[in-house]
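Participant: Test case, fold it:
(2 chains)
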Amino acid sequence: MSASALEQAKRRNNARAWSILLILAVLIVIVFIVSMNTGYTRLSPADVLKTLFGYGTEKQSLILFEFRLPRIVVSILIGAGLALSGCVLQGITRNPLSDPGVLGINSGAGLMVVLFVAFYPSNEASPVFLLPVLALIGALATAGLLMLLSYKKSEGVSPMRMVLSGIALAAAIQAAMIILTIRMDPNEYQFVQIWIAGSIWGTTWKFVLALLPWIVILFPYVLFKAKTLNVLNLGEHLAAGLGAPVGRERLLLLAAAVALAGSCVAVGGAIGFVGLIAPHLARRLVGSRHETLIPASALTGALLVLVADTIGRVVLQPSEIPTGIVVAVIGVPYFLYLLAKAK
Amino acid sequence: MTSTLESASQETPQVRSRPLTAALILIGGLAALAFGLALSISVGAADIKLSTVWEAVFHFNGDLTQHQVIRELRMPRAIAGALVGAAFATAGAIMQGMTRNPLGDPSLLGINAGAGFALAICFAFLPGLPFGQVTLISFLGAAMGTVLVYGIGSAGRGGLTPVRLALAGAAISMLLVALSEAISIHFRIGQELVFWYAGGVAGIKWSQVAVMAPWIGAGLIGALLLSRSITLLSLGDEVASGLGLRTGLAKLCGSVLVLVLAGASVAAVGGISFVGLIVPHIARSLVGASYRWIIPCSAVLGGVLLVFADIGARMIHRGFETPVGALIAVIGVPFFLYLIRRMRRETV
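Facilitator: The predicted structure follows:
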C-alpha cells in the first residue's frame, strides 16, 4: 500500500470515528430530553420547555430543577468518569479485565459504607451527608495502599503487580465486609446491598458541584496524554525504547484514574461495571487509538449510565432498580453481540 | 523435511520447571494433608484425642458417641474440605493456563455467578427445598453459566481466543450477578444468600461427599492427563498449534474439567474460589511454569489450605462458624501480596 493510500485510509478511519462520536453525543442529548420527561410525575416536552425557560408551575420547576436535572447530570458525569478511569487503566495495565474494581476502589469505598451503617444504626438520624466523604476516603486509602504495595524502588509501579495486588486487596476487603454484614440487621443490610449494587443517590446540585471539577480537570488531562497511552499500550520495553518516561507517566495516569473512579464511586455507589464495559464498547466502535478512544469511552459510559438510570427510575415505579443492575442488564447483551461479531 | 517437522512437533518447548522441588512439595504436602485431616477430625466443639481418631477410623465401635461424632460429622467435613480445596486450586490452574491471564480463576468461566443466580432463584421462588436439591440446582446454574460463556466466547470468527473467553466470562458474570442482586434486593433474601454463599464445609454429610468425590476425582485425573496441553496453551495459541496441539479441543476439555471441578465444589460449599486464584500462583512461583507440576502441586496445596482454614474457621469463635471463604482471604491475601512483591519483573 502506498503512503498516500495509507494516509487516505487513516483519514477515512478518523472520519468514521468522529461521526460515531457525534452520534453518541446526539444520543445522549435525546436520552437527556426523554429522561427529563419521564418519571413518577410525567412532564410533557412542552411542559419541560416552559419550565426550563421559567414559565412552569412551582411544582413542575421543583421536580425538574431540584430532582431530575441534578440526577441526570450526575448520571452523565459518573458514567463518563468511570469509563475514563477504566479506559486509562486498561491502557496502562494492558489487561482487558482491568477496571476501577481491580484497584480495590469499589471495595474500599464499600467497606467504609458498611462500617458507617454498622456504627450508625438506621433508626437514628444518621449524618448521611458524611457518606460520600467517607466513601471517597475509603477509595483513596485503598488506592494509596495499593500503590505502596505495588511500588518497588528499583522498578516503579509494575502494572501486572498492581492488578494482582488490587484483586488480592479487594478480596481481603470483601471478606471483612462479609464478616461485618453477616450479622447485620436486615434493613441495614438492605441499604448496604443497594449501595453495593450501585444506585445513584447523590442527586442534588451539591453533588454535581462536588463531582464536576474532577471530570472537568481530568478529562482534558487524560485526553492530552492520549499519545502516551498509545505508546504505553505497545508494552513497556517498546515504550521506553520510544523515549517515554514510562514509570512517571504511568504513575500520573494511574493517579488520574484513581481520582476519577474514587469521586464517582463516592457519589454514585459501586457502579463499577461501566468502567470495564464502556471502554471495550468504545474500542469496538472507534478502534484503539486513544485520541478517539478516550472521548468515545467517556460518551459511551455517560450514555450507558444515563439510559440505565432513566430505565431504573421508570420501570418499577414508584420503587427504583439500582442503576448498576440496569447497566449490566442492558450493557452486557450489546457487549456480547459486539464480541461475537468481532474478528 | 517432513521428518524434521515431525521431530519438532514431538519436542516439548523448554519451559522452566523444578521437578525436584515439585516432588518435595507433593510429598510434604500430602504429609501435611494427612496431618491436617487428622487434626481437623480431632478438634471442634469437643476435642477428641488423636488416638481415638485412629481407633474410630480403623476399629470403629458404634456404641461410642465419640466414634459416632467422628464418623458422621467430622470425617465427611474434613474430606470434603480436602476435595474442594484441591478441586478449586486445580480448576484455577487450568483457567490461568488456558486464558494466559494471571487473573484467571474458575469464576471467570461464569461458574460462581451461575451458581449464585440459580441459588437466588431457588431462595426466592422455591423456598424450603431440601439441601440436596438446592445443591443440584446450583450445579445446574454453574453449568448454564459455563455454557453461556463458552458458547458466546467461541461464537463468531476466530473462535475462542483467551481474551475473548476472559471478556465473555467477565461480562456474563456481571449480568448474572446483577440479576441475582435484583432478585435478592426485591425479595430481601440477600443475607440468607450471603450466608449460604460465603461458603463452608460445615454440615456436609457422607451422602454429599459420595456424590461429589467421584466427579472431583475424575476431574483431578483428567487435569493431570491434560497438563501437557495446558502448558502448550499457556505459551499461546500459535505456538501450541504450531507444536501440533488441537487448541480448540484442548480448550473444550479444559473448560469441561473446570466446570466439573469448580461446579461441583461451588454447588457443595459456596464460592471459596479465591483458593483457585492464589494457590496456582503459589505453586507456579515454587515449581516453575510447567503445568505438569503446577497442577498436582496446586491440588495438594489447595487441599492443605482449605483443610487448615476450615480448622481455623471452627477455632476462632468456638461455637460460631466463621465463613471459611472470608478466613482464606484474610490468611491468603498477605501471603499472596508478599509473593507478588517478590516476583521478578519479567515473570509478572
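
Participant: Give the next helix or strand downstream of the longest helix seen in chain B.
Facilitator: The helix that spans the most residues within chain B, counting by DSSP state H, is helix B:206-233. Using DSSP states H and E, the helix or strand that directly follows helix B:206-233 along the chain is helix B:237-242.

Participant: So, low pLDDT: which residues of the stretch 201-348 of chain B?
Facilitator: Counting by pLDDT under 70, the stretch 201-348 of chain B contains low-confidence ranges at B:273, B:319, B:343-348.

Participant: Alongside chain A, which residues does it contribute?
Facilitator: B:274, B:277-278, B:281, B:322-323, B:325-330, B:332-333, B:336-337, B:340-341, B:343, B:345, B:348 (CB under 8 Å from any CB of the partner chain). Heads up, the C-betas are built off the backbone N, CA and C, glycines and all.

Participant: Please repeat the previous calculation with a cut-off of 6 Å.
Facilitator: B:274, B:323, B:326, B:329-330, B:333, B:336-337, B:340, B:345, B:348 (CB under 6 Å from any CB of the partner chain).

Participant: and the residue in the stretch 151-300 of chain B that chain A sits nearest to, what element?
Facilitator: Here the stretch 151-300 of chain B gets closest to chain A at one residue, B:Ala178, 3.4 Å apart by CB to the nearest CB. In this structure, B:Ala178 sits in helix B:162-187 according to DSSP H and E.

Participant: excluding its backbone neighbours, what's nearest B:Asp237?
Facilitator: Leaving aside its sequence neighbours, B:Asp237 sits nearest to B:Thr247 (CB to CB, 6 or more residues apart in numbering or on different chains; 5.2 Å).

Participant: Hmm, that neighbour is touching B:Ser241, no?
Facilitator: Yes - using CB atoms under 6 Å, B:Thr247 is in contact with B:Ser241, at 5.2 Å.

Participant: Could you tell me the per-residue confidence at the residue of the stretch 151-300 of chain A found nearest chain B?
Facilitator: Closest contact between the stretch 151-300 of chain A and chain B, by CB to the nearest CB, is at A:Ala175 (3.6 Å). Turning to A:Ala175, the model gives it a pLDDT of 82.

Participant: Do me a favour and get the end-to-end distance for stretch B:316-330?
Facilitator: Start-to-end span of stretch B:316-330 (CA to CA, to the nearest Å) is 13 Å.

Participant: ok, now stretch A:234-254?
Facilitator: Start-to-end, stretch A:234-254 (CA to CA) is 17 Å.

Participant: which ones among the residues of the stretch 201-348 of chain B next to chain A are found in strands?
Facilitator: Per DSSP state E, strands hold no members of these.

Participant: In PyMOL, select just the buried ones from these.
Facilitator: In PyMOL syntax, the buried subset of these is picked out as below (16 or more other CB atoms under 10 Å in any protein chain shown):
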select buried, chain B and resi 274+323+326+329+330+333+336+337+340+348
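
Participant: circling back to that earlier point, show me what the longest helix of chain B is packed against.
Facilitator: In terms of contacts (3 or more CB pairs under 6 Å, 6 or more residues apart in numbering or on different chains; DSSP states H and E), helix B:206-233 is packed against helix B:75-99, helix B:247-258, helix B:264-269, helix B:291-315.

Participant: can you put those in JSON lines and add mean neighbour count and distance to A:Gln190?
Facilitator: Shown next, in JSON lines, are the helices and strands packed on helix B:206-233 (neighbours: other CB atoms under 10 Å in any protein chain shown; distance: least, CB to CB, whole Å):
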{"stretch": "helix B:75-99", "mean neighbour count": "29", "distance to A:Gln190": "31"}
{"stretch": "helix B:247-258", "mean neighbour count": "20", "distance to A:Gln190": "34"}
{"stretch": "helix B:264-269", "mean neighbour count": "28", "distance to A:Gln190": "25"}
{"stretch": "helix B:291-315", "mean neighbour count": "26", "distance to A:Gln190": "27"}
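
Participant: Please produce a markdown table containing those helices, extended by distance to A:Leu234.
Facilitator: Shown next, in a markdown table, are these (distance: least, CB to CB, whole Å):
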| stretch | distance to A:Leu234 |
| --- | --- |
| helix B:75-99 | 22 |
| helix B:247-258 | 26 |
| helix B:264-269 | 39 |
| helix B:291-315 | 29 |
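
Participant: give me every residue that touches the closest residue to B:Ser184 other than its chain neighbours.
Facilitator: Leaving out its chain neighbours, the residue that sits closest to B:Ser184 by CB to CB, 6+ apart is B:Gly190, at 4.4 Å. Neighbouring residues of B:Gly190 by CB atoms under 6 Å, 6 or more residues apart in numbering or on different chains: A:189, A:193, B:184.

Participant: Ok, A:Cys264 next?
Facilitator: Neighbour list for A:Cys264: A:78, A:81-82 [criterion: CB under 6 Å, 6+ apart].

Participant: if you set the cut-off to 8 Å instead, what comes out?
Facilitator: Residues in contact with A:Cys264, defined by CB atoms under 8 Å, 6 or more residues apart in numbering or on different chains, are A:77-78, A:81-82, A:85, A:211, A:271.

Participant: Repeat that for A:Leu304.
Facilitator: If you count contacts by CB under 8 Å, 6+ apart, then A:Leu304 has A:79, A:83, A:274, A:277-278, A:281, A:327, A:330-331 around it.

Participant: Point out the ones among the residues you listed that are inside helices.
Facilitator: Using DSSP H, these in helices are A:79, A:83, A:274, A:277-278, A:281, A:327, A:330-331.

Participant: looking at those, which has the most residues close by?
Facilitator: For the ones in helices among the contacts of A:Leu304, neighbours were counted using other CB atoms under 10 Å in any protein chain shown, and A:Val274 has the most, 35 neighbours in all.

Participant: ok, B:Pro214 to B:Met95 distance?
Facilitator: The spacing between B:Pro214 and B:Met95, counted by CB to CB, to the nearest Å, is 22 Å.

Participant: for A:Gly56, same thing?
Facilitator: Distance from A:Gly56 to B:Met95, counting by CB to CB: 57 Å.

Participant: If you count neighbours, what's buried in the helix or strand hosting A:Gln193?
Facilitator: Assigned by DSSP H and E, A:Gln193 belongs to helix A:186-197. For helix A:186-197, burial by neighbour count (16+ other CB under 10 Å) applies to A:188-197.

Participant: Out of these, which comes closest to B:Val53?
Facilitator: When the buried residues of helix A:186-197 are ranked by distance to B:Val53 (CB to CB), A:Tyr189 comes first, at 39.6 Å.

Participant: what residue ranges in the stretch 101-250 of chain A are flagged as low confidence?
Facilitator: A:121-129, A:155-156, A:201-202, A:236, A:243-244.

Participant: three-state assignment of B:Leu160?
Facilitator: Classification of B:Leu160 using DSSP: H, G, I helix; E, B strand; the rest coil returns coil.

Participant: and A:Gln174, what is it in contact with?
Facilitator: A:107, A:110, B:329.

Participant: what's downstream of the helix or strand harbouring the second one, the next helix or strand?
Facilitator: Under the criterion of DSSP H and E, A:Gly110 resides in helix A:105-119. Downstream of helix A:105-119, the next assigned helix or strand under DSSP H and E is helix A:130-150.

Participant: Could you list the paired strands of the following helix or strand past that following helix along with their orientation?
Facilitator: Under the assignment DSSP H and E, the closest C-terminal helix or strand after helix A:130-150 is strand A:151-152. The strands beside strand A:151-152 in its sheet (DSSP bridges) come out as strand A:156-157 (antiparallel).

Participant: relative to helix A:105-119, how tilted is the following helix or strand past the partner strand?
Facilitator: Using DSSP H and E, the helix or strand that follows strand A:156-157 in sequence is helix A:159-181. Relative orientation of helix A:159-181 versus helix A:105-119 (axes from the mean of the first three to the mean of the last three CA atoms, to 10 degrees): 20 degrees.
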